[in-house]
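Novice: sequence below, structure please.
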Amino acid sequence: MAKLTALENAVLKDVSPDELWNTTAYLSGIERVSGKEGEYRSVEWLAGKLKDYGIPYDIYEFDAYLSYPIRASLRVLSPEAKEIRAKTRSFGFPTPPQGLEGEVVFVESKVKGIGFQQLDNQYEGIDVKGKIVLTERGGPDGVLDAMRAGAIAHIHMWPSNEDVIHEMISTSVWGTPTPESAARIPSIPSISVNHESGEYIRRLCAQGPVRVRLTALTETRWAKEKMVVATVPGSEEPDKYFLVGGHLDSWYVGTTDNATGNAAMLELARVLNLHRHELRRTVKVGWWVGHSYGRYAGSTWYCDTFFNDLRKNCVGYMDIDSPGVKGATVYDEMTCMMENWHIAEGAIRDVAGVPAKRERPPRAGDYSFYGPGLPSMFMLMGNRPTEERFAVGGSGLGWWWHTEYDTLEWADRDVLAQDTKIYALAILRVVQSPVLPYKHTPVADEMIETLRGIAAEVGGRFDFEPVFAALDALKQAAQAADAAIPNIPAEKAAAANKAILTVERTLIPINYTRCGAFDHDPAHFVPAMPLMDDARKLARLDANSNDYKFLLTRLVRSRNLILDQLAVATEALQSIAAL
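Specialist: Prediction:
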């Protein structure tokens with residue numbers, strides 16, 4: 001365990017379990033639905049608390065495209081009659097009032113639940129045109145694939161066996177749609193059933209044709225959003241800031257997803273403000289809205305609106321979602337980039353005294369800041385023990401996630417205090433370091449390993465050698481820069497930090513995005529080095545086909561982009577080593 005500085009000790013001591021619990025309890029009494037009164041009231045309450053603490057803040061208003069699930073029904077018509085409990089989803093297409101009838105086809109999938117993984121066309125050789133798909137694949141990519149295969153509706157059977165139905169969002173569009181992305185908004189109904197009901201329908205399908213009627217009602221419209229962002233000013237480099245964010249809106253009262261997170265954010269702002277005169281850099285805290293009803297509409301709006309400032313001045317991002325869950329003290333799926341994993345892991349070790357395991361950031365949560373190149377850490381916090389986990393996306397993997405049962409009984413005062421201290425320590429170690437403490441050798445290693453895997457699968461169908469050479473040069477420069485950073489004198493810190501941020505702004509978009517810096521990829525699986533990953537398809541295509549040669553052309557252009565950005569990052573790293 002690392003020795004804590006005086007400031008770190010003071011900040012951790014000032015974290016108040018009482019303040020955390022009082023905020024959690026208050027927000028747990030409000031249904032914080034996006035664009036509606038409960039969310040507005042929560043924003044005003046948070047603003048009032050910030051005012052009481054003497055913390056500057058802004059309230060932003062903007063229009064967001066949101067969708068509210070209202071109700072759904074499902075009835076088996078044949079070979080026997082049975083009513084099935086169901087819920088519709090945000091952005092699921094509504095049925096006519098009389099419902100929609102059709103034959104059900106069960107489609108097996110390697111991907112279970114709502115997670116995003118690489119998946120070839122699961123509908124190849126399966127005729128679902130004009131039929132209703134039943135599948136365990138329930139992410140927005142699964143809904144989109146069913147729609148594109150010609151299905152008239154999508155039924156997701158939950159893979160774990162809890163006797164509840166989770167609220168979900170079916171669109172893959174990240175934030176407010178554009179003319180180009182709007183076509184991905186589902187044009188078919190999407191509903192959820194629990195595992196037991198899904199198994200019942202699947203058994204019927206195995207015996208012969210099954211016909212059902214389903215209804216789904218959603219309200220999709222523009223809504224006025226309000227969003228509060230606090231600013232705790234630093235004293236030495238006030239223009240440079242670390243951004244902390246987490247979603248304010250919830251399904252029902254959403255205690256562990258995400259009232260506990262909102263409480264942690266408010267407490268971080270309060271405690272850091274007590275020590276603002278000792279902070280080197282500023283800390284901003286944003287309570288994002290439109291998370292579950294608009295696919296991260298708030299954080300996406302913030303990224304788009306303040307893109308240039310983020311790119312110039314923001315030194316990092318932390319996402320806070322689902323901390324403080326009862327029994328959730330196993331830190332084995334910690335979302336983090338390679339360049340800051342040592343910071344996150346060290347904070348967990350130094351506060352909780354337990355090991356942690358890293359998870360590469362998925363295309364989920366409010367990770368809306370790949371474009372401006374923000375080194376990012378955390379998303380969900382600790383998990384419950386393995387035997388107490390379900391196939392859910394938060395709440396410490398507790399069964400109550402995204403249901404009306406996510407109430408105060410599932411939060412834990414002591415776990416929330418511990419998690420908040422982990423956040424605080426990680427923030428301080430970025431904000432207080434004269435030279436930003438990111439390490440780029442692990443990033444280079446990750447990219448080299450990724451490319452080796454791609455090249456092995458592709459064989460000789462594409463020339464990766466220029467990229468390997470560029471990555472080798474990047475790694476050499478990173479090793480020299482990582483070794484030099486601890487010894488850079490104070491008068492050269494600004495130059496080093498400028499170069500470090502140049503590295504982040506160039507490497508993060510090519511390592512995490514397909515669309516590049518100025519757009520937002522959909523909520524689908526995005527592999528490492530995605531522009532090169534597409535080369536894997538060459539192995540499955542006829543070398544004389546149009547598809548093969550079209551893809552080859554795009555890969556050459558992608559290689560050019562990657563080589564250009566690697567050159568920029570390498571030069572910046574070399575400049576650090578030369579300071």
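Novice: what residue ranges in the stretch 51-200 of the chain score low on pLDDT?
Specialist: Residues of the stretch 51-200 of the chain meeting the criterion pLDDT under 70: 115-120.
Novice: the strands in it, which residues?
Specialist: Assigned by DSSP state E, counting those that start in this stretch, the strands in the stretch 51-200 of the chain fall at 57-78, 82-84, 87-88, 100-106, 132-135, 153-157, 190-193.
Novice: dump those strands to a markdown table, plus mean neighbour count.
Specialist: The way it works is simple: take the backbone N, C-alpha and C, and place the C-beta from them, glycine included. Shown next, in a markdown table, are these (neighbours: other C-beta atoms under 10 Å):
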| stretch | mean neighbour count |
| --- | --- |
| strand 57-78 | 18 |
| strand 82-84 | 14 |
| strand 87-88 | 26 |
| strand 100-106 | 18 |
| strand 132-135 | 27 |
| strand 153-157 | 27 |
| strand 190-193 | 27 |
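Novice: just tell me which of those strands ends up closest to Pro434.
Specialist: strand 57-78 (28.0 Å; C-beta to C-beta).
Novice: part of a helix, is Asp547?
Specialist: Yes. Per DSSP: H, G, I helix; E, B strand; the rest coil, Asp547 lies within a helix segment.
Novice: what are the ranges of the strands in the protein?
Specialist: 57-78, 82-84, 87-88, 100-106, 132-135, 153-157, 190-193, 211-232, 237-247, 281-288, 314-319, 334-335, 358-359, 376-377 (DSSP state E).
Novice: okay, now the domains of this structure?
Specialist: For the chain, automatic domain parsing gives the domain ranges 6-56+233-431, 67-222, 441-577.
Novice: where among the ones you listed is average confidence lowest?
Specialist: Lowest mean pLDDT of the domains of the chain: domain 67-222, a mean of 93.
Novice: run the chain-centre distance for it.
Specialist: Distance of domain 67-222 from the chain centroid (C-alpha atoms, centre = their mean, to the nearest Å) equals 22 Å.
Novice: before we move on, what about stretch 232-252?
Specialist: Worked out by C-alpha atoms, centre = their mean, stretch 232-252 lies 17 Å from the chain centre.
Novice: would you mark the buried spots in it?
Specialist: 232-234, 237, 240-252 (16 or more other C-beta atoms under 10 Å).
Novice: residue contacts, the residue most central in space within the chain?
Specialist: Most central in the chain under C-alpha atoms, centre = their mean is Gly365, positioned 2.4 Å from the mean C-alpha point. Contact analysis of Gly365 by C-beta atoms under 8 Å, 6 or more residues apart in numbering lists Tyr296, Asp319, Asp321, Thr335, Met379, Leu380.
Novice: apply 6 Å and report the result again.
Specialist: Shown in contact with Gly365 (C-beta atoms under 6 Å, 6 or more residues apart in numbering): Asp319, Met379.
Novice: now swap in Val526 and tell me
Specialist: Neighbours of Val526 in contact, by C-beta under 6 Å, 6+ apart: Arg363.
Novice: what separates it from Gly453, distance-wise?
Specialist: Distance, Val526 to Gly453, using C-beta to C-beta, to the nearest Å: 15 Å.
Novice: CSV for the strands of the stretch 51-200 of the chain, including distance to Asp406?
Specialist: Below are these laid out as CSV (distance: least, C-beta to C-beta, whole Å):
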stretch, distance to Asp406
strand 57-78, 16
strand 82-84, 23
strand 87-88, 15
strand 100-106, 30
strand 132-135, 25
strand 153-157, 19
strand 190-193, 16
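Novice: hang on, the earlier thing: ranking the domains of the chain by burial, who's on top?
Specialist: When you average the neighbours per residue for each of the domains of the chain (mean count of other C-beta atoms under 10 Å), domain 6-56+233-431 leads with a mean of 21.
Novice: residues contacting stretch 164-171, please?
Specialist: 87, 89-92, 140, 143, 185-186, 190, 192, 194, 251, 292, 295, 402-403.
Novice: just the CA atoms of that stretch, as PDB, please.
Specialist: C-alpha atoms of stretch 164-171 as PDB (Å, rounded to 0.1, in the frame of the first residue of the first chain):
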ATOM      1  CA  VAL A 164     -38.700  -9.700 -12.100                       C
ATOM      2  CA  ILE A 165     -38.600  -8.000 -15.400                       C
ATOM      3  CA  HIS A 166     -35.900  -5.300 -15.900                       C
ATOM      4  CA  GLU A 167     -36.500  -2.000 -17.600                       C
ATOM      5  CA  MET A 168     -34.400  -1.500 -20.700                       C
ATOM      6  CA  ILE A 169     -33.700   0.800 -23.700                       C
ATOM      7  CA  SER A 170     -33.700  -0.800 -27.100                       C
ATOM      8  CA  THR A 171     -32.100   1.900 -29.300                       C
END
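Novice: show me where the stretch 1-150 of the chain has helices.
Specialist: 6-14, 17-27, 37-53, 140-148 (DSSP state H, counting those that start in this stretch).
Novice: wait, isn't Ile55 in contact with Ala230?
Specialist: Yes. At 5.1 Å, Ile55 and Ala230 qualify as touching, with contact defined as C-beta atoms under 6 Å.
Novice: Thr386 is nearest to which of the strands of the stretch 51-200 of the chain?
Specialist: strand 153-157 (22.8 Å).
Novice: which elements pack onto that closest one?
Specialist: Packing contacts for strand 153-157, counted by 3 or more C-beta pairs under 6 Å, 6 or more residues apart in numbering; DSSP states H and E, involve strand 132-135, strand 190-193.
Novice: can you list the strands that it pairs with?
Specialist: Strand partners for strand 153-157, identified by DSSP bridges, are recorded as strand 132-135 (parallel), strand 190-193 (parallel).
Novice: tilt between that strand and helix 140-148?
Specialist: For strand 153-157 against helix 140-148, the angle by axes from the mean of the first three to the mean of the last three C-alpha atoms, to 10 degrees is 140 degrees.
Novice: hmm, Asp412 is touching Lys326, no?
Specialist: Yes. Look at Asp412 against Lys326 with C-beta under 6 Å: they come within range, at 4.2 Å.
Novice: sorry, back to before: include distance to Tyr26 when you put the strands of the chain into JSON lines, please.
Specialist: Listed next are those as JSON lines, based on distance: least, C-beta to C-beta, whole Å:
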{"stretch": "strand 57-78", "distance to Tyr26": "18"}
{"stretch": "strand 82-84", "distance to Tyr26": "37"}
{"stretch": "strand 87-88", "distance to Tyr26": "28"}
{"stretch": "strand 100-106", "distance to Tyr26": "42"}
{"stretch": "strand 132-135", "distance to Tyr26": "40"}
{"stretch": "strand 153-157", "distance to Tyr26": "34"}
{"stretch": "strand 190-193", "distance to Tyr26": "30"}
{"stretch": "strand 211-232", "distance to Tyr26": "15"}
{"stretch": "strand 237-247", "distance to Tyr26": "16"}
{"stretch": "strand 281-288", "distance to Tyr26": "14"}
{"stretch": "strand 314-319", "distance to Tyr26": "22"}
{"stretch": "strand 334-335", "distance to Tyr26": "28"}
{"stretch": "strand 358-359", "distance to Tyr26": "31"}
{"stretch": "strand 376-377", "distance to Tyr26": "28"}
